[in-house]
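A.B. asks: Below: sequence and its predicted model.
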Amino acid sequence: MELGPTKTIGGWVSASEGATGFARLDAEPFPAFEPGWVWLVGAGPGAPGLMSLLCYHALQTCDVVVYDALVNPDILRWVKLGAELEYAGKRGGKPSPTQKDITLRLIDLARAGKRVLRLKGGDPFMFGRGGEECQHLAGAAIPFRIIPGITAGIGGLAYAGMPATHRDTNHSVIFLTGHDATGNMPANVNWAAIARASPVIVMYMAVKHLGEIATALMDGGRLADDPVTILSNASMPHQQVAETTLGEAEAFVAANDPPTPAIVVVGHAADWRSLLDWYKGPLRENPIG
Ligand code: SAH
């Protein structure tokens, strides 16, 4: 059945009759971005087209964007003209602002009555310290909204033809980080349990300690020939995929120095790539995704 312009969807009467494409978004009942609010928004893994409509709306209505190093600068092309841009990542050798500096800045901007868009790569609550930032905002009585994003460990994998779950491969998946707040391999992870718990393990920030991690997983019972896929710059035209095994991973990283950011996937999700790897050739030339 075709929906005509007078029909309603989910109770909303479409206000965009006649408008098409992005113009119709202007008439849609997006939530108002009120002055003094912070919106904590996930931009997705890289390709601008992977941002959500709420992220787009936030870019179009904010006063200031405070963005991280992982946010693809191309996404900032979509910001409303005249909005301020503040970079909160590491810049050329200088130390990066601490998490505390960033949080205090968000609070100051909100108290000054700005509509503050805090933009993070992927999903803000997935290894993105979004929880910590919101804790402080809540503590300072700053109102906030959270807009999830497509995380690199799921959406990035899709761009490499790797389903995070597949009924023939894995009924569960584990997400973990390869380093803790001190930059070391996380000590409070039960590697032996992880090794046995799920056929597929998706690791963020894991290239640096991959040798130690691989050893810990093999000590926990994973096979040395378990596939390891290193997915760099996922969803970007310069995306790279490297394939090795747990037994070879340390030597592979030492010899090839894979570009970062990279997701490391342990397990047979890799097997699907021969059939499902679709992001190649001219498809990579599109700047949106
Ligand atoms: N909040 C982010 C993760 C932040 S932690 C998310 O949900 O995706 C930073 C790590 O994310 C990087 O070290 C890398 O492991 C991973 N990452 C982020 N973007 C990536 C990309 N485009 N390609 C590969 N890995 C990426």
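C.D. replies: Arrived safely, thanks for sending. In this text, all values refer to a predicted model and were calculated from it rather than measured experimentally. Numbers count the residues shown, from 1 in each chain.
A.B. asks: The ligand versus residue 248, what's the distance?
C.D. replies: Residue 248 sits 20 Å away from the ligand, taking CB to the nearest ligand atom, to the nearest Å as the criterion. The way it works is simple: take the backbone N, C-alpha and C, and place the C-beta from them, glycine included.
A.B. asks: Residue 242 is in contact with residue 252, correct?
C.D. replies: Yes - using CB atoms under 8 Å, residue 252 and residue 242 qualify as a contacting pair, with a distance of 7.2 Å.
A.B. asks: Looking at the two now, which is surrounded by more residues?
C.D. replies: residue 252 (20 against 16; other CB atoms under 10 Å).
A.B. asks: show me what contacts the residue lying closest to residue 79 once chain neighbours are set aside?
C.D. replies: Leaving aside its sequence neighbours, residue 79 sits nearest to residue 59 (CB to CB, 6 or more residues apart in numbering; 4.9 Å). Under the criterion of CB atoms under 8 Å, 6 or more residues apart in numbering, the contact partners of residue 59 comprise 51, 65, 75, 78-80, 83, 117.
A.B. asks: intersection of neighbour lists for residue 252 and residue 242?
C.D. replies: Contact criterion CB under 8 Å, 6+ apart; residues shared by residue 252 and residue 242: residue 230.
A.B. asks: if we can go back for a sec, and the contacts of residue 59, which is closest to residue 171?
C.D. replies: When those are ranked by distance to residue 171 (CB to CB), residue 51 comes first, at 30.3 Å.
A.B. asks: any idea of the pLDDT on that closest one?
C.D. replies: In this model, residue 51 is scored at 97, pLDDT.
A.B. asks: so where's the chain shaky on pLDDT?
C.D. replies: When the per-residue scores of the chain are filtered using pLDDT under 70, the ranges that remain are 1-17, 91-93.
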